[in-house]
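1. Prediction below, plus the sequence it came from.
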Amino acid sequence: MITNLGRDPANQGSLAGTFRDIYRKLLQNTDDCLPAKIISYDRDNNTAQVQPLIAVVATDQTLISRPQVAEVPVIAIGGGGFCLNFPLNPGDLGWIKANDRDISNYIRTQQEARPQTKRYHKFADGLFFPDVLNNYTIAAEDASAVVLQSLDSLTKLSLNNDGRVILQSPGGRIELSPDGKYNFNGIGGEELMAILSDFATVMDNAQINHDGNRPFTPATKAAIQAIKARIDIMTI
């Protein structure tokens, strides 16, 4: 059993083993990629303070938390005048990835730049990639869809490979079918058009004028109330 994490006993007694130990020591001072969590997030500047979540193991086996990294740029996928940005909260998970060289001048100018320091592979020059891992629910109807959704899938935009588009919130749902027909809270577009047509017919038959001399008849009021009931079903 290795009791000293600074040396591997298998490397002792050979030149190759010595070089392996040297290489391992060099890697210990090189940052690359680790899971991390958000400590705080500045959405205006799109930077975060993050805590790497893989501890350092000391030679006596004690765990030492890695230092937090401040002002880490957060990945915001975008291009062509559009971007995808998330309201990150403390505790949100992701990955911190170290760049090869100091990126501070590039971040400032967003143009080709010389490295400001001689840092190599350090989290101080890292990027944070948000990642919810497997902490989300995909609705059965979206098994073959691309979704932008809340973790519980109650609020979503779903693009299905059969051509359907679904826009849903906890209070309502709109579904567009491949043939251009739509469904609003379970009511098809044909029903909506029928409601509007019936309402226009009722209003036309009522022969309303602006002087108020021809009020609604009981039959007209009943027809309007029936149309309202059909509309109310759509808003449930």
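-> Looks like it arrived, so ask away.
2. make it CA atoms for all contacts and neighbour counts henceforth
-> Fine.
3. quick one, domains of this structure?
-> Structural domains assigned to the chain are 1-30, 31-130, 136-184, 189-236, following automatic domain parsing.
4. Save those as a markdown table, and put in mean neighbour count and mean pLDDT too.
-> Shown next, in a markdown table, are the domains of the chain (neighbours: other Cα atoms under 10 Å; pLDDT from 0 to 100):
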| stretch | mean neighbour count | mean pLDDT |
| --- | --- | --- |
| domain 1-30 | 13 | 62 |
| domain 31-130 | 16 | 96 |
| domain 136-184 | 15 | 92 |
| domain 189-236 | 13 | 67 |
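5. Toward the C-terminus, what is the element adjacent to the helix or strand where W95 lies?
-> According to DSSP states H and E, W95 maps onto strand 93-101. Counting by DSSP H and E, the next helix or strand C-terminal to strand 93-101 is helix 104-109.
6. My read is that L93 contacts N135, right?
-> No. Applying Cα atoms under 8 Å, one finds L93 not in contact with N135, separated by 10.2 Å.
7. OK, contacts around the residue most central in space within the chain?
-> The centre of the chain sits closest to F86, judged by Cα atoms, centre = their mean, with a distance of 5.4 Å. By Cα atoms under 8 Å, 6 or more residues apart in numbering, no residues touch F86.
8. secondary structure class for it?
-> Here F86 is recorded as coil under DSSP: H, G, I helix; E, B strand; the rest coil.
9. how close does it sit to Q111?
-> Separation of F86 from Q111 (Cα to Cα, to the nearest Å): 25 Å.
10. what sits against D162?
-> D162 sits next to P178 when contact means Cα under 8 Å, 6+ apart.
11. what do you get for the one 5 residues further on?
-> Contacts here follow Cα under 8 Å, 6+ apart; on that basis L167 touches T155, K156, L157, S158, R173, I174, E175.
12. In TSV, list those along with secondary structure and distance to Y182.
-> What follows is the contacts of L167, written out as TSV (DSSP: H, G, I helix; E, B strand; the rest coil; distance: Cα to Cα, whole Å):
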residue	secondary structure	distance to Y182
T155	coil	18
K156	strand	17
L157	strand	15
S158	strand	14
R173	strand	10
I174	strand	7
E175	strand	5
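13. Helices along the chain, start to end?
-> 15-28, 104-109, 189-206, 218-234 (DSSP state H).
14. Distance of the residue nearest to A55 when sequence neighbours are not counted relative to L53?
-> In space, A55 comes closest to S65 once its chain neighbours are excluded; the distance is 4.8 Å by Cα to Cα, 6 or more residues apart in numbering. S65 sits 8 Å away from L53, going by Cα to Cα.
15. now swap in D162 and tell me
-> Distance from D162 to L53, by Cα to Cα: 41 Å.
16. Could you do H121 as well?
-> 18 Å.
17. Over to L93?
-> Counting by Cα to Cα, the separation of L93 from L53 is 9 Å.
18. overlap in contacts of the two?
-> Shared contacts of L93 and L53 (Cα under 8 Å, 6+ apart): P35, A36, K37.
19. Tell me who's in contact with the last one.
-> By Cα under 8 Å, 6+ apart, the contact list for K37 reads V50, Q51, P52, L53, P90, G91, D92, L93, G94, W95.
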